[in-house]
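J.: show me how the following folds:
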Amino acid sequence: MLTDERLRAALAGALAQTDLPLPGRAAGKVREWYALGAGRRLIVTTDRLSAFDHILARVPYKGQVLNQLSAWWFGQTQALIPNHLLALPDPNAAVVEVVEPFPVEVIVRGYITGVTGTALWRRYELGERTIYGYRFPDGLRKNQALPAPILTPTTKGGPTGHDERLTCAEVVTRGLLDAGTWEAVQAAALAVFGLGQARAAQAGLILVDTKYEFGRAADGRVLLIDEVHTPDSSRFWKAAGYAERCAAGQEPENFDKEFVRLAYAERGYRGEGAPPAMPDDLWLAAARRYITIYEALTGQPFEPGEYPVEPRLLRNLQGLVSRDR
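T.: Residues are numbered from 1 along each chain as shown. From the prediction side, this is the model:
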């Protein structure tokens with residue numbers, strides 16, 4: 001088991017930037033990409049966490065949890081939809097097939113929740129009954145399971161813009177995807193979400209909602225890409241005590257990056273101006289939640305690689321050959 005001392009010692013490394021001496025570098029908010037040639041790309045995750053629009057938080061070993069958990073999920077879902085993963089040369093990194101991402105992301109929701117103006121529960125609470133093209137029955141309660149999961153597409157927001165919510169029909173009418181491809185994406189997303197909910201239930205968790213990305217490989221295959229069912233890409237609640245907390249008007253116990261968002265919100269921060277300083281204990285508690293998700297789902301103890309990432313990763317890349325697809 002990862003000790004508190006080792007976790008605390010990793011806090012210093014959690015802020016380190018990844019800047020490898022490799023060509024084709026492109027930096028994102030929480031990961032970096034490097035061109036490897038031969039239709040391959042190296043993705044390196046970091047411990048930075050995009051909690052609001054204007055801050056980047058730090059959670060030790062977060063990158064390793066996301067990287068390894070996504071790889072585990074890709075193995076679980078391979079029979080439902082192929083993916084872009086080729087190899088794991090390091091706990092923080094993945095070699096993936098170069099894929100052209102689709103211009104839409106897919107959100108699947110299994111529960112009615114949220115507090116922001118665009119959140120499903122908030123809109124329902126204000127009296128809307130047709131939301132994102134779906135008709136909702138009267139009498140739903142906050143954080144209640146929906147009669148069936150719903151799928152909502154969004155555009156991919158730019159560096160300064162936000163995602164635009166779409167109806168399923170608009171994906172085709174606006175020419176973002178052709179009808180056949182969009183039908184395949186919807187079927188795959190709902191199948192992966194159903195498997196995710198089943199695996200989460202076995203682990204004592206509730207998979208609330210998630211975001212999927214898909215893309216097309218050079219040979220025309222539609223692939224599942226990016227992260228799958230991680231604490232950054234999905235919302236997880238603890239199953240034990242869920243019903244009791246809801247009955248008492250309390251929020252379910254949270255095990256994803258919403259834990260960090262809520263901590264900032266409790267200190268009055270809404271993403272504008274200078275964020276407040278946060279104690280180390282917040283980042284340690286967040287890391288424990290990420291690790292708990294990994295261990296509960298995979299049934300394996302989390303054994304992280306040490307910092308720094310760069311020298312170890314470069315050694316592991318020596319002679320790396322991608323597997324045939």
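J.: counting neighbours, what do you get for Tyr294?
T.: Neighbour count for Tyr294, taken as other C-beta atoms under 10 Å: 22. To be clear about C-beta, it is placed using only N, CA and C from the backbone, and glycine gets the same treatment.
J.: which SSE is it in?
T.: In the assignment (DSSP states H and E), Tyr294 maps to helix 280-298.
J.: check which helices and strands that helix is in contact with.
T.: Judged by 3 or more C-beta pairs under 8 Å, 6 or more residues apart in numbering; DSSP states H and E, helix 280-298 is in contact with helix 4-9, strand 55-58, helix 62-77, strand 205-216, helix 258-266.
J.: what's the angle from it to strand 205-216?
T.: 80 degrees (axes from the mean of the first three to the mean of the last three C-alpha atoms, to 10 degrees).
J.: now helix 280-298: buried residues?
T.: Across helix 280-298, burial judged by 16 or more other C-beta atoms under 10 Å covers 282-284, 286-298.
J.: and the helices in the stretch 51-200 of the chain?
T.: For the stretch 51-200 of the chain, helices defined by DSSP state H, counting those that start in this stretch occupy the ranges 62-77, 120-125, 168-173, 179-202.
J.: tell me what the longest one is packed against?
T.: What that stands for is helix 179-202. Here helix 179-202 touches helix 62-77, strand 104-112, strand 144-155, helix 168-173, strand 205-216, strand 222-225, going by 3+ C-beta pairs under 8 Å, 6+ apart.
J.: Leu177 touches Glu105, doesn't it?
T.: No. At 11.7 Å, Leu177 and Glu105 do not qualify as touching, with contact defined as C-beta atoms under 8 Å.
J.: coming back round to it: what would the helices of the stretch 51-200 of the chain look like in TSV with mean pLDDT, mean neighbour count and distance to Gly271?
T.: Output for these, formatted as TSV (pLDDT from 0 to 100; neighbours: other C-beta atoms under 10 Å; distance: least, C-beta to C-beta, whole Å):
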stretch	mean pLDDT	mean neighbour count	distance to Gly271
helix 62-77	97	22	20
helix 120-125	94	18	17
helix 168-173	94	16	27
helix 179-202	98	17	28
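J.: distance to Arg312 added to the ones you listed, as JSON lines?
T.: Converted to JSON lines, these look like this (distance: least, C-beta to C-beta, whole Å):
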{"stretch": "helix 62-77", "distance to Arg312": "12"}
{"stretch": "helix 120-125", "distance to Arg312": "42"}
{"stretch": "helix 168-173", "distance to Arg312": "42"}
{"stretch": "helix 179-202", "distance to Arg312": "30"}
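J.: which secondary element of the protein has the worst mean pLDDT?
T.: Across the helices and strands of the chain, mean pLDDT, DSSP states H and E gives its lowest value to strand 48-52, namely a mean of 82.
J.: ok, back up a step: make CSV from the helices and strands packed on helix 280-298 and add distance to Ala277 to it.
T.: Converted to CSV, those look like this (distance: least, C-beta to C-beta, whole Å):
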stretch, distance to Ala277
helix 4-9, 17
strand 55-58, 11
helix 62-77, 19
strand 205-216, 30
helix 258-266, 11
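J.: of those, give the one that comes closest to Phe302.
T.: Minimum separation from Phe302 across the helices and strands packed on helix 280-298 (C-beta to C-beta) falls at helix 62-77, 6.9 Å.
J.: wait, His229 touches Trp72, no?
T.: No. His229 is beyond contact range of Trp72, at 9.0 Å (criterion: C-beta under 8 Å).
J.: quick check: neighbours shared by these two?
T.: Common contacts of His229 and Trp72 (C-beta atoms under 8 Å, 6 or more residues apart in numbering): Leu297.
J.: got the contact list for the closest residue to Thr152 other than its chain neighbours?
T.: Computed as C-beta to C-beta, 6 or more residues apart in numbering, the closest residue to Thr152 that is not its neighbour in sequence is Tyr132, at 4.4 Å. The contact partners of Tyr132, taken as C-beta under 8 Å, 6+ apart, are 120, 150, 152, 165, 167.
J.: re earlier: to Pro275, which of the helices and strands packed on helix 280-298 lies closest?
T.: For the helices and strands packed on helix 280-298, the distance to Pro275 is smallest for strand 55-58, at 4.5 Å, taking C-beta to C-beta.
J.: buried stuff in that closest one?
T.: For strand 55-58, a neighbour-count test (16+ other C-beta under 10 Å) marks 55, 57-58 as buried.
J.: which one of those sits closest to Leu195?
T.: For the buried residues of strand 55-58, the minimum distance to Leu195 (C-beta to C-beta) is 29.6 Å, reached by Ala57.
J.: for the closest one, give the beta-bridge partners.
T.: Under DSSP bridges, the beta-bridge partners of Ala57 are Leu49.
J.: that one and Thr154, how far apart?
T.: In this view, Ala57 and Thr154 are 23 Å apart by C-beta to C-beta, to the nearest Å.
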